[in-house]
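> Predicted model and sequence below, questions to follow.
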Amino acid sequence: MNDEQLLRYSRQIMLPQVDIAGQERLLSSRVLILGLGGLGCPAAHYLAAAGVGQLVLADPDTVDLTNLPRQLLYTSADQGVAKVVAAAARLSAINDGITVEALQTTLTGADLLDQVHKATVVLDCTDNFRSRFAINAACVQAGVPLVSGAAIRLTGQLTVYDRRQSNAPCYRCLYDEQSNENLSCAESGILGPVVGTIGTMQALEGIKLITGFGNTLNGRLMIFDAMTMEWQTLQITADPQCPVCGHA
């Protein structure tokens, strides 16, 4: 690191859990963020500010007026602009010492797997089960840790799927592709600070995975209830019959 980087990240480097070695790991890491909505915006903001060297942003959508109360990387002037383009510009302004790659697409198939293979950590900030199942399968195949967040109405949930630990579950261990129905914010509603809370914690789990400090949420699912301001933690285990990871 040069003198400017040492000063910029000095408050993080002061933490013995991070130190210079951890900051250098952040600077050399590559994080793939899938979805730049209410989860992806705060997650990307904190990861960029923390000094993640390469951020890859993937989202097919453009900024809409209804996004603005909770997707805080965007302004009214960004309406109609691709989310990844607007987000990349804002993140580069926040930290001009990192590289931000904008992909205005829904990554699928070989393209998804290629980007996952290149990543140090993947953040699933999407809002539909089809994408979540595909992202999970790619992360299992590539052996790359996945930070998964979701929020709807006044509740949120957060977990980590890190198949580098052989007994860890994957997303498919918990959810059956045949039985889930999508819930959308457009139909069900969402409060900005709820989704912001989960997205911020996704960034925290990503930083922990990169730097190696503390215990991640691998094997644990945290559920947040904004009505009561309570967190519930559930232990989750791998399904030996899981069609995605059960053979491993």
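Everything's here; your move.
> CA atoms for contacts and neighbours, from now on please.
Fine.
> Output the below-cut-off pLDDT ranges for the protein.
The chain contains residues with pLDDT under 70 at 179-186, 247-248.
> other SSEs contacting the helix or strand containing Leu234?
According to DSSP states H and E, Leu234 maps onto strand 230-235. Counting contacts by 3 or more CA pairs under 8 Å, 6 or more residues apart in numbering; DSSP states H and E, strand 230-235 is packed against strand 220-225.
> The strand it packs on pairs with which strands, parallel or anti?
strand 155-161 (antiparallel), strand 230-235 (antiparallel) (DSSP bridges).
> any idea which of those strands is most buried?
Highest mean neighbour count of the strands paired with strand 220-225: strand 155-161, a mean of 23 (counted as mean count of other CA atoms under 10 Å).
> Run through the strands of the chain in chain order.
Taking DSSP state E to define them, one finds strands in the chain at 30-34, 54-58, 99-103, 121-124, 146-152, 155-161, 220-225, 230-235.
> Make a markdown table from the ones you listed and add distance to Cys242 to it.
Output for the strands of the chain, formatted as a markdown table (distance: least, CA to CA, whole Å):
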| stretch | distance to Cys242 |
| --- | --- |
| strand 30-34 | 24 |
| strand 54-58 | 28 |
| strand 99-103 | 31 |
| strand 121-124 | 20 |
| strand 146-152 | 17 |
| strand 155-161 | 14 |
| strand 220-225 | 18 |
| strand 230-235 | 17 |
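> Can you tell me which of these is nearest to Glu4?
Taking CA to CA, strand 99-103 is the member of those nearest to Glu4, at 16.6 Å.
> Report the central residue of this structure.
Nearest to the mean C-alpha position of the chain, by CA atoms, centre = their mean, lies Leu123 at 2.6 Å.
> residue contacts, that residue?
31-34, 146-149, 202, 206 (CA atoms under 8 Å, 6 or more residues apart in numbering).
> show me the biggest helix of the chain in terms of residues.
As assigned by DSSP state H, the longest helix anywhere in the chain is helix 192-211.
> before we move on, the earlier item: quick one: the contacts of Leu123 as TSV, columns for distance to Ser76 and neighbour count too.
As requested, the contacts of Leu123 are exported to TSV (distance: CA to CA, whole Å; neighbours: other CA atoms under 10 Å):
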residue	distance to Ser76	neighbour count
Val31	27	27
Leu32	26	23
Ile33	23	25
Leu34	23	27
Leu146	32	30
Val147	30	27
Ser148	28	25
Gly149	26	26
Gln202	26	30
Gly206	29	26
